[in-house]
Structure formats: structure tokens, C-alpha cells
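In: Fold the stuff below for me.
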Amino acid sequence: MTIVITLPHFFAGEAERIAQLLQRGDVDVVHLRKPEAARQKMEALIRAIPADLHGRLVVHDHHELAMAYALRGIHLNGRHPEAPAGYGGQLSVSCHSLAELAERKREPFAYLSLSPIFDSISKQGYRAAFTAEELERARQEGIIDRRVMALGGVTFDKLDAVRQMGFGGGMILGDAWR
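Out: Reported below is the predicted structural model:
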């Protein structure tokens, strides 16, 4: 699976670029991650994306929009660690250690991200947190599997490498918006 995460700020033509990524088949899912955004701005972005693509969008914030627009799902994170009451759709979650990943895998997430796998493109000084040996051991132990997405420094040209490491795919931020 190839997932793109939006930049934290809005930019002109963003909805069109998201639609293009999804329509061309380069990307399976787009995560709308705008931590500082007002609900109205998030809603305007979602409305600007063709409705037939809403089932491939996941929100990190303003989770109620997932229900209002029949989005693919909700991504839980430190800002919003729980889904809204009554939400029965798809969930994903961020993990930043192998221990956290092993623990969270017991929960009913469609997929989980593990980061940072490589040195980050978009966050200065954000370095890979795991050695190749640690990742291989986690794969052998079943901690890393097809439900786990690599995040952090993942580029389109590294997707084959992350799959060979045992991940189900990658989550791309910086490389998608260059």
C-alpha cells in the first residue's frame, strides 16, 4: 500500500494535486494531516476533492469529518488518541517504537505506521530510529508485517525496499510534495 500524507499547511491547488495522485494510481490512500487547521478549512479541502475519492481519504484531525463525508478512516495520534464515540469505520495509528508497535498490533487497526525508518526528508534532524538488524528481528518475530507501514524518509523509490523489509508499504510525506 502506498499512502501519502499532506503537508501540514494548505497550499493553492492542493485538492487538485491530491485528486491527481489518487486518480493516476500512484497512491492508494491520502492522509489529511493538518494539525493546526480549523475544521472549516479541513472541510473545504475535503469538499474540493471529488466525492468519488473520499473513500481513499483518512483524517488525522477533526475526526467527525470522516463520518460526515464517508471517508476511508481516522488516523489516531498523540493529539487525538481515540476515535469519536460511535465511530465504526477504519482506524490506523502511529507508533514510534517496536515495543509500542507490538502492543498496538493487538488492537483492531487496519494498519499501523512505524517511524522513523529512514532519515526524514521533511523534518530536519529527524533520524532513523532503528538499525537494519532491529527491523529484521522485528520482521522475524512478526512485529513488522503487511499491516505495518514504514514512515519517515520513505520516498517513492524506496517502496520496494520497505516491502522487502517486511512492511506492507510506505507512507510518504516530503517526496510527494516536491
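
In: Where do the strands of the chain begin and end?
Out: Here the chain has its strands, by DSSP state E, at 2-5, 29-32, 57-59, 73-76, 90-95, 111-114, 148-151, 169-172.

In: any weak-confidence spans in this structure?
Out: When the per-residue scores of the chain are filtered using pLDDT under 70, the ranges that remain are 120-126.

In: Give the residue farthest from the middle of it.
Out: residue 133 (24.3 Å; C-alpha atoms, centre = their mean).

In: contacting residues for residue 172?
Out: If you count contacts by C-beta atoms under 8 Å, 6 or more residues apart in numbering, residue 172 has them with 2, 3, 4, 5, 27, 154, 155, 156. Just so you know, the C-beta spots here come from the backbone N, C-alpha and C atoms, and that holds for glycine as well.

In: With residue 117 instead?
Out: Neighbour list for residue 117: 128, 129, 130, 135, 150, 151, 152, 153, 154, 162, 165, 167 [criterion: C-beta under 8 Å, 6+ apart].

In: Among the strands of the chain, which comes closest to residue 45?
Out: Checking the strands of the chain against residue 45 by C-beta to C-beta gives strand 29-32 as the closest, at 6.7 Å.

In: For that closest one, name the packing helices and strands.
Out: Under the contact criterion of 3 or more C-beta pairs under 8 Å, 6 or more residues apart in numbering; DSSP states H and E, the helices and strands touching strand 29-32 comprise strand 2-5, helix 14-24, helix 39-48, strand 57-59.
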